[in-house]
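Q: generate a structure from the sequence data that follows.
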Amino acid sequence: MKPPLWTGEAVARATGGRLSAPFEADHVSFDSREVIGGELFIALPGTRRDGHEFVAAAFAQGAAAALVSRPVPGPHVLVPDTRAALEALGQAARARTAATVIGVTGSVGKTGVKEAIARALARIAPEATHRSARSYNNHTGVPLSLARMPEDTRFGVFEMGMNHAGEIRALTRQVRPHVALITWVAPVHIENFENEEGIAEAKAEIFEGLEPGGAAILPADNRHAPLLRARASAHTARILAFGSGPDADVRLLEVDLGPTGSRAVADVAGEILHFRVGMPGRHWVSNALAVLAAVRAAGGDLAESGLALAELTGLEGRGERIALSLPGGGATLLDESYNANPASMAAALAVLAETPARRRIAVLGAMKELGVHAPALHAGLVAPINTAGVAELALVGEEMAALRIDGATHLPDWEAALAWAEAMLKPGDVLLVKGSNSVGLGRLVAALRARFGAAS
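A: Numbering: from 1, shown residues only. Reported below is the predicted structural model:
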């Protein structure tokens, strides 16, 4: 029988809290809506609501106990500050495991690469591979993901995000990775930085948390590779660069891009690997090289990694292909609605260009957190849109006013874009939906999925 994830005594010891009654918990959550039974519910303070307001609901839904800063009915651990206690719980989980830990950051591709690494490692350790859920990559998501890691984990894969300098530094010191990977550096969250070099410096903070003898993995083809290499070399002698150029240790030798995936050959630090990537697009070939580098550094199996890459399908909001049933035939929805920046927008449009279709149409939402660079970066989408052969285009959000392209329809919000898409879609079409999360295009995707369902 598998031991509990946490006992009350262990939680109290990790957090320095006071235990009201013994308990055992098999999961950790700070969202009462996720509670299904057996969880330790952490009552975090919020900007609009306090988690203590939901303790009763969590217990009603089966929570085993609560971590709180004021006494409540039911088993609990009382602490002065639940946010600090969550971080302490995560650190305790990290300290008690002998797992090989991989940390992932980057301007684009973090979640997809994290998922792909975890799936590759799970092929050799299916019951002992742990990863961050969804995009839990910030000051609450990372310690929560750590706190959810079982003691007997063999591989742990954690995503780290940031929008200000110093944030990765704090996260990587909690994760303490044996392998630290940067997927790419691009002008994302650039409103909070003086220039793109500042973003590269902030991403390179991940190397500061490396365990002794750990490995740093960086994108050889990125223009900031020399800076990243210099920062990595201050913390480790083990550096693996991935890419297509001569400086890459994990180097692409051949690639055949296709509408539903790619076939590739790579030299993985001296080992030749033929593999297929189940996700389309050149950016996913680059992601695959990063995955292979991480697996190699973590002591995983490259052949199994190749199989995992072949089995990849799109994640919700990040490249998922949704078959829609329309009157008279089917259409395809490319769901890239989770987030957007100039690099990921260009990559998604390149995938659209490679996808066979009667017509290629797109709903593109504003790209947020670009600051004074926003007008120029939005205007710069003209070339990738034209190259993709977009026949009908809807643009959502004020920032999109800077994008001047013949025939485009400018719309105020996702609801207007939904009405446009419903009227526009015809059998044989491929519709790309992409924008920053706050634009709300994920709700447009959900509405289209609900109305048209999945084609059989």
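Q: could you say which helix or strand holds the spatially most central residue of the chain?
A: Nearest to the geometric centre of the chain sits Thr111, at 2.0 Å (CA atoms, centre = their mean). Assigned by DSSP states H and E, Thr111 falls within helix 110-122.
Q: for the residue nearest to the centre of the chain, list the residues it contacts.
A: Residues near Thr111 by CB atoms under 8 Å, 6 or more residues apart in numbering: 134-135, 137, 159, 315, 318. (C-beta placed from N, C-alpha, C; glycine too.)
Q: put the buried members of those into a ChimeraX selection.
A: In ChimeraX syntax, the buried subset of the contacts of Thr111 is picked out as below (16 or more other CB atoms under 10 Å):
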select :135,137,159,315,318
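Q: leaving out chain neighbours, which residue sits closest to Asn339?
A: In space, and not counting its chain neighbours, Asn339 is closest to Asn437: 5.0 Å by CB to CB, 6 or more residues apart in numbering.
Q: number of residues surrounding Gly306?
A: Gly306: 24 surrounding residues under other CB atoms under 10 Å.
Q: closest one of the contacts of Thr111 to Ser69?
A: Asn137 (24.9 Å; CB to CB).
Q: can you tell me the SS state at the closest one?
A: Here Asn137 is coil, with the state taken from DSSP: H, G, I helix; E, B strand; the rest coil.
Q: for the remainder of this discussion, apply numbering that starts at 600.
A: Done: numbering now begins at 600, and the last item shifts to Asn736.
Q: before we move on, the earlier item: run a quick neighbour tally on the residue nearest to Asn938.
A: Asn1036 has 15 nearby residues by other CB under 10 Å.
Q: ok, now which ones touch it?
A: So Asn1036 contacts 936-938 (CB under 8 Å, 6+ apart).
Q: buried among those residues? Need that as a selection in ChimeraX.
A: Filtering the contacts of Asn1036 down to the buried ones (16+ other CB under 10 Å) takes a single ChimeraX command:
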select :936,937,938
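Q: report the rounded mean pLDDT for stretch 641-656.
A: Stretch 641-656 carries an average pLDDT of 92.
Q: ok, stretch 997-1015 next?
A: 95.
Q: same thing with stretch 838-858?
A: Rounded mean pLDDT across stretch 838-858 is 96.
Q: buried residues in it?
A: For stretch 838-858, by 16+ other CB under 10 Å, it's 838-843, 847-851, 854, 856.
Q: same thing with stretch 680-688?
A: Quick answer for stretch 680-688 (16+ other CB under 10 Å): 681-682, 684-688.
Q: can I get the helix or strand that contains Gln690 in PDB? Just the C-alpha atoms.
A: Using DSSP H and E, Gln690 falls within helix 681-695. Provided in PDB are the C-alpha atoms of helix 681-695 (Å, rounded to 0.1, in the frame of the first residue of the first chain):
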ATOM      1  CA  THR A 681       0.100  30.100   4.900                       C
ATOM      2  CA  ARG A 682       2.000  31.400   1.800                       C
ATOM      3  CA  ALA A 683       5.300  31.000   3.700                       C
ATOM      4  CA  ALA A 684       4.100  27.600   4.900                       C
ATOM      5  CA  LEU A 685       3.400  26.400   1.400                       C
ATOM      6  CA  GLU A 686       6.900  27.400   0.400                       C
ATOM      7  CA  ALA A 687       8.300  25.500   3.400                       C
ATOM      8  CA  LEU A 688       6.200  22.400   2.500                       C
ATOM      9  CA  GLY A 689       7.600  22.500  -1.000                       C
ATOM     10  CA  GLN A 690      11.200  22.800   0.300                       C
ATOM     11  CA  ALA A 691      10.600  19.900   2.600                       C
ATOM     12  CA  ALA A 692       9.300  17.800  -0.300                       C
ATOM     13  CA  ARG A 693      12.300  18.600  -2.300                       C
ATOM     14  CA  ALA A 694      14.700  17.800   0.600                       C
ATOM     15  CA  ARG A 695      13.200  14.400   1.300                       C
END
